[in-house]
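# Pasting the sequence and the predicted model now:
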Amino acid sequence: MTGRWIPPREAQNGGVTVGVQLLVPIKPLHLAKTRLRTERTLPEEHAELVTALAMDTVLAAATAERVREVLVVTSDPALTHRFRELGVEVLPDSPRAGLNAALRHGDHLLGERGTKVRIGALQADLPALRGTELDGAIAEAGSERSYCADRQGTGTTLLLASAGEALRPGFGTDSAAAHHESGAKALLGSWASLRCDVDTETDLRAAEELGLGSHTRKLPRGNESRPSRSEIGCSGMM
Ligand SMILES: Nc1nc2c(ncn2[C@@H]2O[C@H](COP(=O)(O)OP(=O)(O)OP(=O)(O)O)[C@@H](O)[C@H]2O)c(=O)[nH]1
Ligand SMILES: C=C(OP(=O)(O)O)C(=O)O
């Protein structure tokens, strides 16, 4: 895909930039979303799936009125190329630095630019995301540090810093509780598309029921008829 998608919004309100800058972290493709991989998954198929999930997430987030800009944080060269082709800014990450380190790094880089913006983090695996639901969550957050839990209630799909503050990400196991303990307000709206992060096949089916974005929707599904990687003599890491 080529061509610019949607330019960052330049709205200003008394010198303060309006809207949230959302950081979307993505692991290198061969390391990401291991729970969606089976023995039968080909490396290039897996890379396409992870890319499609992230593209649908980023493109949907960019349609939200309350989002000024979406920035991908990754060290993956193919992802960097794909997103830059779309006109999405990509911030560099150091390989294997970890999710929270990647987000702190992105927050720091944006802070160095000196614009007074509100920072948030959005998971890259929300392929059914609707911009209107993201808008609803940002509206409910008001100016407070806030988080949106995933549909299981344990993880976090969206973290918003309060305006002018650092993000202080606490992603990882039980991050919803960690963000709650850090003083963030729980966002309680019933935004199914914002809560449906995709870690497993079951999650992917749930996202499918909500309506997948166009990149994920067009991928072939099901690989039961194909021989497994060991059957065709593949070994080692993807
Ligand atoms: N830039 C960056 N992103 C990361 C890093 N670690 C995790 N992420 C991203 O953070 C998001 C949340 O992570 P998970 O939902 O656990 O996804 P995952 O680690 O790819 O999936 P599993 O291998 O199944 O655990 C995903 O979009 C990851 O790609 C990192 O070190 N750097
Ligand atoms: C890292 C997280 O994602 P997941 O629970 O989807 O692995 C998180 O929610 O903090």
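Yep, it's here. Residues are numbered from 1 along each chain as shown. Ligands and ions are numbered 1, 2, ... in the order given.
# where's the spatially most central residue of the chain relative to ligand 2, distance?
By C-alpha atoms, centre = their mean, the mean C-alpha position of the chain lies nearest to residue 124, the distance being 2.0 Å. Going from residue 124 to ligand 2 by C-beta to the nearest ligand atom, to the nearest Å gives 10 Å. (Glycine included, C-beta is placed from N, CA and C.)
# Now do the same for that residue: its pLDDT.
As summarised for this prediction, residue 124 has a pLDDT of 98.
# ok, it touching residue 26?
Yes. Checked against C-beta atoms under 8 Å, the pair residue 124 and residue 26 is within contact range at 4.6 Å.
# which residues do these two both contact?
54, 72 (C-beta atoms under 8 Å, 6 or more residues apart in numbering).
# show me where this structure has helices.
Secondary structure of the chain (DSSP state H): helices at 43-61, 77-85, 99-112, 131-141, 175-181, 192-195, 201-210, 214-217.
# In PDB, could you pull the C-alpha coordinates for the fifth one?
It refers to helix 175-181. Written as PDB, here are the backbone C-alpha positions of helix 175-181 (Å, rounded to 0.1, in the frame of the first residue of the first chain):
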ATOM      1  CA  SER A 175      -1.300  -4.600  33.900                       C
ATOM      2  CA  ALA A 176      -4.900  -3.400  34.500                       C
ATOM      3  CA  ALA A 177      -4.300  -3.800  38.300                       C
ATOM      4  CA  ALA A 178      -0.900  -2.300  38.000                       C
ATOM      5  CA  HIS A 179      -2.300   0.800  36.200                       C
ATOM      6  CA  HIS A 180      -5.100   1.000  38.800                       C
ATOM      7  CA  GLU A 181      -2.500   0.900  41.600                       C
END
